[in-house]
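1. I'll drop the sequence and a predicted model, then ask my questions.
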Amino acid sequence: MVTVSIITPSFNQVDFIAATIESVLTQDYAQIEYLVIDGGSTDGTVDLLRRYNDPRMTWVTEKDHGQSDALNKGLLRSTGEIITFINSDDLLMPGVIQFAVNYFNDHPETDALYGDGEFIDAEGKYLSAFKSAPYDLPFAILGGQALVQPGTFWRRRVTDAVGLFDTSLHYRFDFDYWLRMGLSGFQLDYVPGKRAAYRLHSASKTVSQSDRFLGDWEKIVHRIFTRQDLSPELRRLQPEVEEYLEWHKAKARWLKGERVEARPLLRPFLIRKRWGRRALAASMLVDVYFHTSLTNLVASIFTKITGRNPLLE
């Protein structure tokens, strides 16, 4: 029977980690190795961990250098042929580990597997669905790839080849890892189906520090386009990727209420090719100068047409 290693990086999430642990230990696949890597929590997490007496679960608590560092500690301790990680405030859906094992057994060519998920609130109530999409490397480099991190599994051979997570990244280290897989020629399979729940609450990175994700993305992009082995097809994406970064910098300033600082960043998009960005940049500038709420109207119209809210992407 194949061993599956599940890693949970943890720091001061005592309100949520018990539910995360239970979502792992109640899976219907027996051969699991569960590693909780705690960063020295002071909120009661360690006392909670001490209460578990399951031979499949081991934990450590010590200071680390962030989530990616904790994951690397878990990777170095793990022995499973299949690997995944679930954050200490997220949940695995029942049966997903057995599903992953079966899929890898049936598809020896597959290196990584991911699916869909759902957003839940602090109380565990359903908020909305989170849909992934088939992996497209150029689209991923352009920042548009939808990939649900919880419930993503990969083979040990991937980590043997691409190495550990980048500890200089604290917000998009997972997307960097998927990109490194794709750039190394590994096959990432999207199989529709809800595999995990992604919890949104005031202390989660997605909610509390969303503007900092952009800094990580900029580092990742710079590294991609300085690769000597990058194909000409992918290298041609650089101008579009740089425009993506500039657009999100402008939008981040505007959303944070830094409207004066956003003005010079928004103006170039009035003449760019993408009509959606042109319309949104124009409405943002109107709001800045005339203190209106035009942007919300434009965003709602765009959402109705495309099903995507341009202010949230």
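-> The structure has been received and is ready for your questions.
2. Can you show me the helices along the stretch 101-250 of the chain?
-> 137-141, 156-162, 173-183, 205-208, 213-225, 232-235, 238-255 (DSSP state H, counting those that start in this stretch).
3. what's the spacing between the closest residue to Lys251 other than its chain neighbours and Leu294?
-> Nearest residue to Lys251 in three dimensions, chain neighbours excluded: Leu311, at 7.4 Å (CB to CB, 6 or more residues apart in numbering). Any C-beta I mention is one placed from the backbone N, CA and C, and that applies to glycine too. With distances taken as CB to CB, to the nearest Å, Leu311 is found 13 Å from Leu294.
4. cool, Val46 as well?
-> Distance from Val46 to Leu294, counting by CB to CB: 51 Å.
5. Let's have the helices of the stretch 101-250 of the chain in JSON lines, adding mean pLDDT, distance to Ala30 and mean neighbour count.
-> Putting the helices of the stretch 101-250 of the chain into JSON lines (pLDDT from 0 to 100; distance: least, CB to CB, whole Å; neighbours: other CB atoms under 10 Å) gives the following:
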{"stretch": "helix 137-141", "mean pLDDT": "94", "distance to Ala30": "35", "mean neighbour count": "18"}
{"stretch": "helix 156-162", "mean pLDDT": "98", "distance to Ala30": "19", "mean neighbour count": "15"}
{"stretch": "helix 173-183", "mean pLDDT": "96", "distance to Ala30": "27", "mean neighbour count": "21"}
{"stretch": "helix 205-208", "mean pLDDT": "44", "distance to Ala30": "33", "mean neighbour count": "12"}
{"stretch": "helix 213-225", "mean pLDDT": "90", "distance to Ala30": "37", "mean neighbour count": "17"}
{"stretch": "helix 232-235", "mean pLDDT": "96", "distance to Ala30": "42", "mean neighbour count": "11"}
{"stretch": "helix 238-255", "mean pLDDT": "90", "distance to Ala30": "44", "mean neighbour count": "18"}
